[in-house]
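**Q** Below is the structure, and that's it, no one-letter string:
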């Protein structure tokens, strides 16, 4: 849920075609997918304008190359970004459609991409119609009309979605079961709301930390050195002279005026590690960069950790400085080998968050080994900023860095922040504090009052603390059916996901070496066994839903 907001979801690079699909580069939209527009009601829940109902044009794409009458409809529930990114990466849907003769539809979420009810940047004009309920009603309307116009009344609709889109897919199965026959909800943090039993915001950062340990395939001393580097960053930033030193060490464009600016720098760095955890894919990807065609390396957390494990001699006065140093070490990387995650269960088994995901990081960070012995404190800070620069200078054209809190650190701006302020949809920075047990710093308790104050000041609204759980159920999925909740355990959002089977038809699929909705992207020859097994499990359930619908036995 934290992707670069202004260029959300520029997606995965150079994935391979398989035999049953028309061959095209997976960073291109399939050629049979055609853009179209649907005249949508602005407000589905009030009748004040029933004789003059305001409407807007909602964008969607329809892909019909393999459509067969009465075949299923694969529907992608668009989330907080332009549709193109999802179209370019939804390999699971496209690789499966020929087998089923499926019609494929992608719908763009209101207020995002080109679907702007009040013109460009509609959220600035009137964001009051930007809610998940309105978005799901949009999708229900479109799907109902699609089945009518394509004479597809006997076609089951299978909803797919990742992250917020996964939440929408699952919620639509619960709210519109007569329209959606089943849902694949990938990396859907449906339990990330206050009021959900066991809700612990800091758990997000425990998984980020775990990714920087051997349990996540990273070098042993990485998390310890990151933690020590943050301590040194704050200590150095406590004086004007130290802040000037930090500006030079981190190659910042502007001076750090006070200790508040130092904290902004720290959050900027933290946002980069957030991106490396969410986008911790085993192949180069531009998913988290916001710069199409400019990739993070494979296993980006391990690549970032190489900066934090460099020997002291690599940071001498004779070494390149600033951005030049970034380029110097980028050239010297060798891809880290694929590692399995110790102690994790099979892809479709249950796993406890405390014992399975977080314990290795806590064990490592609780040790008192002198991981940074022999390294100058300023070397750690320089290395920390170099690690962040892997994301923020992915284009290689930055001569210095501006602390604009872009990417995952840009949580409190734009239309997504409005949704956070009304429905508390997920935003880790700046709202989820890290605990001292992580590799960051103790950021205090979850500050609900501070969030409310920000929302009132920015939007004139305040979130209802428990409404989203009352409305959608949080992690309680009893009483519904036909949902697969898939989660990669390298993804920090997994701690808020459904990690155990609820019933025979509401199931959890776990991918120990998977990051944010990795299972939805195109397959590759070098996919791990756990990823292959996860996709196979997902499609077995999809197949069952389709068969049950055709036989009239679906629930």
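**A** That came through, no problem. Keep in mind it's a predicted model, so treat the numbers as computed, not measured.

**Q** what residue ranges in the stretch 1-150 of the chain score low on pLDDT?
**A** For the stretch 1-150 of the chain, the stretches flagged by pLDDT under 70 are 1-27, 48-51.

**Q** now with 80?
**A** Judged against pLDDT under 80, the low-scoring parts of the stretch 1-150 of the chain cover residues 1-27, 47-52.

**Q** same check, this time on the stretch 151-300 of the chain
**A** Within the stretch 151-300 of the chain, no range satisfies pLDDT under 80.

**Q** Swap in 90 and give it another go.
**A** Along the stretch 151-300 of the chain, the model assigns pLDDT under 90 to residues 195, 198, 286-293.

**Q** Check the stretch 401-550 of the chain too.
**A** If you take pLDDT under 90 as the line, the stretch 401-550 of the chain has these spans: 403-414, 424-431, 463-465, 550.

**Q** can you give me the strands in it?
**A** Assigned by DSSP state E, counting those that start in this stretch, the strands in the stretch 401-550 of the chain fall at 483-488, 506-511.

**Q** Paired strands for the last one, with orientation please.
**A** Each strand that pairs with strand 506-511, with its direction, by DSSP bridges: strand 483-488 (parallel).

**Q** Near residue 283, how many residues? Count them for me, please.
**A** The tally of other residues near residue 283 (other C-beta atoms under 10 Å) stands at 19. For every residue, glycine as well, the C-beta is placed using N, CA and C.

**Q** Use 54 as the first number for this chain going forward.
**A** Yep, numbering from 54; the last one is residue 336 now.

**Q** pretty sure it is touching residue 353, no?
**A** No - contact criterion C-beta atoms under 8 Å: residue 336 and residue 353 do not qualify, at 10.5 Å.

**Q** quick one on the thing from earlier: would you mind putting the strands of the stretch 454-603 of the chain into TSV with mean neighbour count and distance to residue 185 alongside?
**A** Converted to TSV, the strands of the stretch 454-603 of the chain look like this (neighbours: other C-beta atoms under 10 Å; distance: least, C-beta to C-beta, whole Å):
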stretch	mean neighbour count	distance to residue 185
strand 536-541	29	16
strand 559-564	24	20
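
**Q** Need those in a markdown table (columns: distance to residue 589).
**A** Shown next, in a markdown table, are the strands of the stretch 454-603 of the chain (distance: least, C-beta to C-beta, whole Å):
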| stretch | distance to residue 589 |
| --- | --- |
| strand 536-541 | 12 |
| strand 559-564 | 10 |
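
**Q** How about residues contacting the longest helix seen in the chain?
**A** As assigned by DSSP state H, the longest helix anywhere in the chain is helix 582-604. With C-beta atoms under 8 Å, 6 or more residues apart in numbering as the test, helix 582-604 has contacts from 123, 125, 145, 149, 153, 207, 209, 211, 234-235, 237, 399-401, 535, 537, 539, 558, 560, 562-567, 571-572, 576, 607-608.

**Q** hmm, 7 Å instead?
**A** When contacts are defined by C-beta atoms under 7 Å, 6 or more residues apart in numbering, helix 582-604 is touched by residues 125, 145, 149, 153, 209, 211, 234-235, 237, 400-401, 535, 537, 539, 560, 562, 564-567, 571-572, 607.

**Q** how far does it sit from the chain's center?
**A** Relative to the chain's own centre, helix 582-604 is displaced by 23 Å; criterion: C-alpha atoms, centre = their mean, to the nearest Å.

**Q** buried residues in it?
**A** Of all the residues in helix 582-604, those buried under the rule 16 or more other C-beta atoms under 10 Å are 583-584, 586-588, 590-592, 594-595, 598-599, 601-602.

**Q** Doesn't residue 114 lie inside a helix?
**A** No - assigned with DSSP: H, G, I helix; E, B strand; the rest coil, residue 114 falls outside any helix and is strand.

**Q** and it, what does it touch?
**A** Neighbouring residues of residue 114 by C-beta under 7 Å, 6+ apart: 86, 87, 88, 136, 140, 159.

**Q** Around residue 150, how many other residues sit close by?
**A** By the measure other C-beta under 10 Å, the count of residues near residue 150 is 23.

**Q** Report the contact partners of the nearest residue to it once chain neighbours are set aside.
**A** Excluding the flanking residues, the one nearest residue 150 by C-beta to C-beta, 6 or more residues apart in numbering is residue 119, at 5.0 Å. With contacts defined as C-beta under 7 Å, 6+ apart, the neighbours of residue 119 are 150, 151, 154, 155.

**Q** could I get those residues as JSON lines with distance to residue 326 and secondary structure?
**A** Below are the contacts of residue 119 laid out as JSON lines (distance: C-beta to C-beta, whole Å; DSSP: H, G, I helix; E, B strand; the rest coil):
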{"residue": "150", "distance to residue 326": "37", "secondary structure": "helix"}
{"residue": "151", "distance to residue 326": "40", "secondary structure": "helix"}
{"residue": "154", "distance to residue 326": "44", "secondary structure": "coil"}
{"residue": "155", "distance to residue 326": "38", "secondary structure": "coil"}
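
**Q** got a winner among these for most neighbours?
**A** That'd be residue 155 among these, by other C-beta under 10 Å, with 26 neighbours.

**Q** Residue 147 versus that one, what's the distance?
**A** From residue 155 across to residue 147, the span is 9 Å (C-beta to C-beta, to the nearest Å).

**Q** so what sits against both of these two?
**A** Counting by C-beta under 7 Å, 6+ apart, nothing touches both residue 155 and residue 147.

**Q** Residue 483 and residue 108: what is the separation?
**A** Taking C-beta to C-beta as the criterion, residue 483 is separated from residue 108 by 36 Å.

**Q** thinking again about what came up before, phi, psi for the residue nearest to residue 150 please.
**A** For residue 119, the backbone dihedrals (degrees, to the nearest 10) come out as phi -120, psi 10.

**Q** cool, and residue 141?
**A** The phi/psi pair for residue 141 (degrees, to the nearest 10) reads phi -80, psi -10.

**Q** my guess is it contacts residue 82, does it?
**A** Yes - Residue 141 is within contact range of residue 82, at 6.0 Å (criterion: C-beta atoms under 7 Å).
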